[in-house]
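Enquirer: build me a model:
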Amino acid sequence: MIKPILQLGNSILRKRSLPIKAAEKPDLAPLVTDLRDTLSYAKIKYEYGRGIAAPQIGQLKRMIFIDAPDFKGPLVNPEITWASADTFEVWDSCFSFSVEFFVLVDRHSSIRVDYFDQKWKRHEVEAEGALSELLQHEIDHLDGVLAVDRMKDTKGMMMRSEWEKRQT
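Expert: Okay, the predicted model is just below:
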């Protein structure tokens, strides 16, 4: 079911999400469906986006849903277990900003993430570049951290219309 996406200023976005317990496995399907459906809708609405976190739809649970070219599906209790020392700059936006502005942030070039799938099977993914950035962004949401918190400085912000001009 498509859920409203909470916007910058909503206090839920600043709270740390609770880990999901194995006993909750039978109850995960509705949240996975809500995240998947909301992400699909938001991608059409904003013509942008590859992931969403449970807090963005008002659920303080440690789950994200990714729909990227090289990875798709839910990650339950994702945890970054390793991050490269080298970083890169990226213009980041968010559904919780209605994708109206972008902020310049530093992200680790590559990371390793441990997580469970919906059936409670443990996985590990090594990601670099765009997937690394995306996973870091979504996992930040689970800790109440938004892209604006990682902004390098106040000059590292631009409206989407200006960002799009620079992409051509």
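Enquirer: have a look at this structure and report its longest strand.
Expert: For the chain, the strand that runs over the most residues, judged by DSSP state E, is strand 71-83.
Enquirer: tell me which residues in that one are buried?
Expert: 74, 75, 76, 77, 78, 80, 83 (16 or more other CB atoms under 10 Å). All C-beta atoms are positioned from the backbone trio N, CA, C, and that covers glycine.
Enquirer: make sure residue 124 is indeed in a helix.
Expert: No. Applying DSSP: H, G, I helix; E, B strand; the rest coil, one finds residue 124 to be strand, outside a helix.
Enquirer: and it, bridged to which residues?
Expert: Under DSSP bridges, the beta-bridge partners of residue 124 are residue 114.
Enquirer: likewise residue 106?
Expert: residue 89.
Enquirer: which residues in the chain form strands?
Expert: So, for the chain - with DSSP E - the strands run 51-53, 63-68, 71-83, 87-92, 101-108, 110-116, 122-128, 157-159.
Enquirer: just those strands: most buried one?
Expert: Among the strands of the chain, strand 51-53 has the highest mean neighbour count (mean count of other CB atoms under 10 Å), at a mean of 26.
Enquirer: spatially central residue in this structure, please.
Expert: residue 138 (2.1 Å; CA atoms, centre = their mean).
Enquirer: low-confidence ranges in the protein?
Expert: Along the chain, segments meeting pLDDT under 70 span 168.
Enquirer: report the longest helix in it, please.
Expert: helix 28-46 (DSSP state H).
Enquirer: now for it, which elements pack on it?
Expert: strand 51-53, strand 63-68, strand 71-83 (3 or more CB pairs under 8 Å, 6 or more residues apart in numbering; DSSP states H and E).
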